[in-house]
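A.B. asks: quick one, structure for this:
(2 chains)
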Protein chains: 2
Amino acid sequence: MARWQEGAAGRLQAAALRLYAERGYEQTTVADIASEAGVTARTFFRHYADKREVLFAGSERLRDGMLAALEAAPATATPMEAVAAALDASTVFLGRDHEHSRLRMSVIFANAELLERELIKMASIAAAMAEGLRRRGVPARDASLAAETGTVVLRVAFEQWVAGPPDGSLPDLMRATLVRLTEVTAAR
Amino acid sequence: MARWQEGAAGRLQAAALRLYAERGYEQTTVADIASEAGVTARTFFRHYADKREVLFAGSERLRDGMLAALEAAPATATPMEAVAAALDASTVFLGRDHEHSRLRMSVIFANAELLERELIKMASIAAAMAEGLRRRGVPARDASLAAETGTVVLRVAFEQWVAGPPDGSLPDLMRATLVRLTEVTAAR
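C.D. replies: Model (predicted):
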């Protein structure tokens, strides 16, 4: 089973998700998670700052991977083409384990504090992409519009993938959602 | 001067913004705000739950006003046309006092907790519009795409208006940004 992290970090992540989904996030302690993963609490804190961070450990890698793809897009690419490259790159991180993603989203949607943290994560990805576009010479307003609508596509496609069958293709959904965005915004 | 609220509520709001901008949000107490507005702390708490809520008092009215406009759009309106009507309606609430808005945004951008609250407010507006569109018979994915990109347009236009001259027109900027969104998303 492909996890976000290998070794103890991966076992802790899987154990945390299992317990959050079964007992609820608030009702689960770091000691519970460590015990479920067969390690000590000290080991937990070597990998994660607190029980919330277990759910957001991949955020920086996701953002950096998307930004690298955006920066690697050809100089002739339009802002949305550069964003599309970032969205494609995101699926490498987001699309690797359907069951993990489904559990994670069910935990996050059940807790207002976690949902806020997820919103902040998406806003930070949008801000990083907008800055990356501006560095490519895209005017500020276009950069914000392309980057922010890109994260809208990411979220809508990801939620659809998570709600769908385990063998659905996230890259396909991401591209289809981007096409659909163009159609929806053009119809006015 | 057109404020969000009249009477003591309006005086408290103006006093709070002034103090937050001068001393910083963290350094300002409810007692300071009440004293600056010439009322008691008890009067403050009759109008606002805490010092954070002073900055977000208009949120429900903004959301309800936008939703009412979206629902009032002709049955033949496309999703983006209904969202455009909601954006037009938002300018009645958001565009009435440039200096107030400028101060408010400077306070919010200086404080991570307030920025989170602002993100949550925008997410709740997007969710309400998506639900409104679904009630109009728009498929779930299109409803999310139209509603979420609508709040992107709102935010980008509003920030541009706030950063611009005091006599700029928010409705004009809102419409121009919506047109620009269509161009940016189509260029791929």
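A.B. asks: pass me the low-pLDDT residue ranges in chain A, would you?
C.D. replies: For chain A, the stretches flagged by pLDDT under 70 are A:1-6.
A.B. asks: tell me the residues of it that contact chain B?
C.D. replies: A:78-81, A:84, A:116, A:119-120, A:123, A:141-142, A:144-146, A:148-149, A:152-153, A:155-156, A:160, A:177-178, A:180-182, A:184-188 (CB under 8 Å from any CB of the partner chain). Where you see a C-beta, it was placed from the backbone N, CA and C, and this is true even at glycine.
A.B. asks: and A:R18, how close does it get to B:G58?
C.D. replies: 43 Å (CB to CB, to the nearest Å).
A.B. asks: next: A:L94.
C.D. replies: Distance from A:L94 to B:G58, by CB to CB: 36 Å.
A.B. asks: those two: which is more packed in?
C.D. replies: Per other CB atoms under 10 Å in any protein chain shown, whichever of A:L94 and B:G58 has more neighbours is A:L94, with 22 against 17.
A.B. asks: so who does the nearest residue to that one once chain neighbours are set aside touch?
C.D. replies: Closest residue in space to A:L94, ignoring its immediate chain neighbours: A:F158 at 5.8 Å, by CB to CB, 6 or more residues apart in numbering or on different chains. Residues near A:F158 by CB atoms under 8 Å, 6 or more residues apart in numbering or on different chains: A:L94, A:S101, A:L170.
A.B. asks: which SSE is A:F158 in?
C.D. replies: Using DSSP states H and E, A:F158 maps to helix A:140-163.
A.B. asks: tell me the buried residues in that helix?
C.D. replies: Across helix A:140-163, burial judged by 16 or more other CB atoms under 10 Å in any protein chain shown covers A:141-162.
A.B. asks: who are the neighbours in contact with the spatially most central residue of chain A?
C.D. replies: Per CA atoms, centre = their mean, the C-alpha nearest to the average position across chain A is that of A:L94, at 5.7 Å. By CB under 8 Å, 6+ apart, the contact set of A:L94 is A:L62, A:S101, A:L154, A:F158, A:L170.
A.B. asks: what do you get for A:G7?
C.D. replies: By CB under 8 Å, 6+ apart, A:G7 has no neighbours at all.
A.B. asks: how about A:L62, nearest residue that isn't a chain neighbour?
C.D. replies: A:F93 (4.6 Å).
A.B. asks: would you mind measuring from that neighbour to A:S101?
C.D. replies: Distance of A:F93 to A:S101, computed by CB to CB: 10 Å.
A.B. asks: and the contacts of A:L94, which is closest to chain B?
C.D. replies: Of all those, the one sitting nearest chain B is A:L154; the distance, using CB to the nearest CB, is 10.6 Å.
A.B. asks: now do the closest one against B:A112, distance only.
C.D. replies: Taken as CB to CB, the span from A:L154 to B:A112 is 23 Å.
A.B. asks: hey, where'd the helices end up in chain A?
C.D. replies: Under the criterion DSSP state H, chain A carries helices at the ranges A:7-23, A:30-37, A:41-47, A:59-72, A:79-94, A:98-109, A:112-135, A:140-163, A:170-186.
A.B. asks: need those helices in a markdown table (columns: distance to B:V54).
C.D. replies: As requested, those are exported to a markdown table (distance: least, CB to CB, whole Å):
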| stretch | distance to B:V54 |
| --- | --- |
| helix A:7-23 | 35 |
| helix A:30-37 | 37 |
| helix A:41-47 | 38 |
| helix A:59-72 | 32 |
| helix A:79-94 | 37 |
| helix A:98-109 | 30 |
| helix A:112-135 | 20 |
| helix A:140-163 | 27 |
| helix A:170-186 | 35 |
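A.B. asks: and of these, who's closest to B:E71?
C.D. replies: The closest of those to B:E71 is helix A:170-186. By CB to CB, the value is 18.7 Å.
A.B. asks: related to what we said a few turns ago, and the helix holding A:F158 with helix A:98-109, angle?
C.D. replies: For helix A:140-163 against helix A:98-109, the angle by axes from the mean of the first three to the mean of the last three CA atoms, to 10 degrees is 110 degrees.
A.B. asks: tell me how far helix A:140-163 is from the chain's mean position?
C.D. replies: Relative to the centre of its chain, helix A:140-163 is centred 11 Å away, using CA atoms, centre = their mean, to the nearest Å.
A.B. asks: report the angle between the axes of it and helix A:59-72?
C.D. replies: Counting by the same axes, to 10 degrees, helix A:140-163 lies at 130 degrees to helix A:59-72.
A.B. asks: quick one: residues contacting A:G38.
C.D. replies: A:R11.
A.B. asks: next one: phi and psi at it?
C.D. replies: phi 70, psi 30 (degrees, to the nearest 10).
A.B. asks: what about it, distance to A:T29?
C.D. replies: 16 Å.
A.B. asks: would you mind measuring from the closest residue to A:R102 other than its chain neighbours to B:D142?
C.D. replies: Nearest non-adjacent residue to A:R102, counting by CB to CB, 6+ apart: A:V162, 5.1 Å away. Going from A:V162 to B:D142 by CB to CB gives 19 Å.
A.B. asks: give the contact list for A:T177.
C.D. replies: A:V153, A:V156, A:A157, A:Q160, B:R141, B:L145.
A.B. asks: domains of chain A?
C.D. replies: A:7-53, A:58-186 (automatic domain parsing).
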